[in-house]
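Novice: Let's see this in three dimensions:
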Amino acid sequence: METVNHPGWTSTQIKAEAKINFEAGAKVFMKDTIERARAKRPDALWGYYHFPYCYANGSVTSCSSQVQDENDSLKWLFDACDVLYPSVYVPESYTQAQQKQYVKNNLDEAFRVRDEVSPGTKIVPYVMNKYRDTFNFMTEGDMNATIATVASYDVDAVIIWGRYSDANTATTCGDLYNYIDTVLGPILTQFY
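Specialist: Presented below is the predicted three-dimensional model:
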């Protein structure tokens, strides 16, 4: 579209203009979606999953300043939201110490955004009962470390998420039931 509108522009100019127009449209779409959802369900808490991002793996101790600046530039989005929903799905390939650091990095960034960019916004992290890279059930030790790390923060709630395929057959449903009964349930009773 920008090529048609600006036939004499260089590809760099066209890409820059396309980026501006795309981001402006995305901003309107995302804000309008929250506003319309809130109008339909005014008692619900509205926000976007996985925001704010961090992109810091478990071998570094914080999100990069570039990512923090990008999150700061999304103030308009966070101000439109009632809640931040950071994702703290850990990979099996990380050591338990790296998993804990990964969770900490994501929660630290959510609290930084809340405190500096959008005060008063609630924080509700998503935790998954399986590893994000293998979809194997998390070991008791890794799940305990993840929940303990989340519980050490003053989060407003926690969403423990799973996939449809975790319970779409008698076998997977039984596996999930067993995991909740023997691993997840006992861990949660320690903290909540």
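Novice: buried stuff in the lengthiest helix in the chain?
Specialist: Selection of the longest helix in the chain by residue count, based on DSSP state H, yields helix 11-40. The neighbour-count check on helix 11-40 (16 or more other C-beta atoms under 10 Å) flags 14, 17, 30, 34, 38 as buried. From N, CA and C alone the C-beta is placed, and that goes for glycine too.
Novice: Also stretch 178-187?
Specialist: So for stretch 178-187, counting by 16+ other C-beta under 10 Å, buried means 179, 183-184, 187.
Novice: So which of those residues is the closest to residue 152?
Specialist: For the buried residues of stretch 178-187, the minimum distance to residue 152 (C-beta to C-beta) is 14.0 Å, reached by residue 187.
Novice: so that closest one makes contact with residue 140?
Specialist: Yes - using C-beta atoms under 8 Å, residue 187 is in contact with residue 140, at 7.2 Å.
Novice: who does the host helix or strand of residue 84 pair up with?
Specialist: For residue 84, the host element (DSSP states H and E) is strand 83-84. According to DSSP bridges, strand 83-84 has the following sheet partners: strand 122-123 (parallel).
Novice: And the average pLDDT for the partner strand is what?
Specialist: Across strand 122-123, pLDDT averages out at 98.
Novice: after that strand, next one along is what?
Specialist: strand 126-128.
Novice: what does the next helix or strand after that following strand contact?
Specialist: Next along the chain after strand 126-128, taking DSSP H and E as the criterion, comes helix 140-151. When contacts are defined by C-beta atoms under 8 Å, 6 or more residues apart in numbering, helix 140-151 is touched by residues 88, 90, 92, 96, 99-100, 103-104, 107, 125, 127, 129, 131, 138, 158, 183-184, 187-188, 190-192.
Novice: Now for residue 155: which residues touch it?
Specialist: 107, 123-125.
Novice: Which pair in those residues has the greatest spatial separation?
Specialist: 107 and 124 (11.0 Å).
Novice: So for those two, which residue has more residues nearby?
Specialist: residue 107 (22 against 17; other C-beta atoms under 10 Å).
Novice: Secondary structure element holding that one?
Specialist: Per DSSP H and E: residue 107 is located in helix 96-116.
Novice: Also residue 153?
Specialist: Going by DSSP H and E, residue 153 is not part of any helix or strand.
Novice: Identify the residue nearest it in space, chain neighbours excluded?
Specialist: residue 107 (5.1 Å; C-beta to C-beta, 6 or more residues apart in numbering).
Novice: wait, isn't that neighbour in contact with residue 88?
Specialist: Yes - taking contacts as C-beta under 8 Å, residue 107 lies within contact range of residue 88: 6.8 Å.
Novice: overlap in contacts of the two?
Specialist: Applying C-beta under 8 Å, 6+ apart, one finds that residue 107 and residue 88 are jointly contacted by 125, 149-150.
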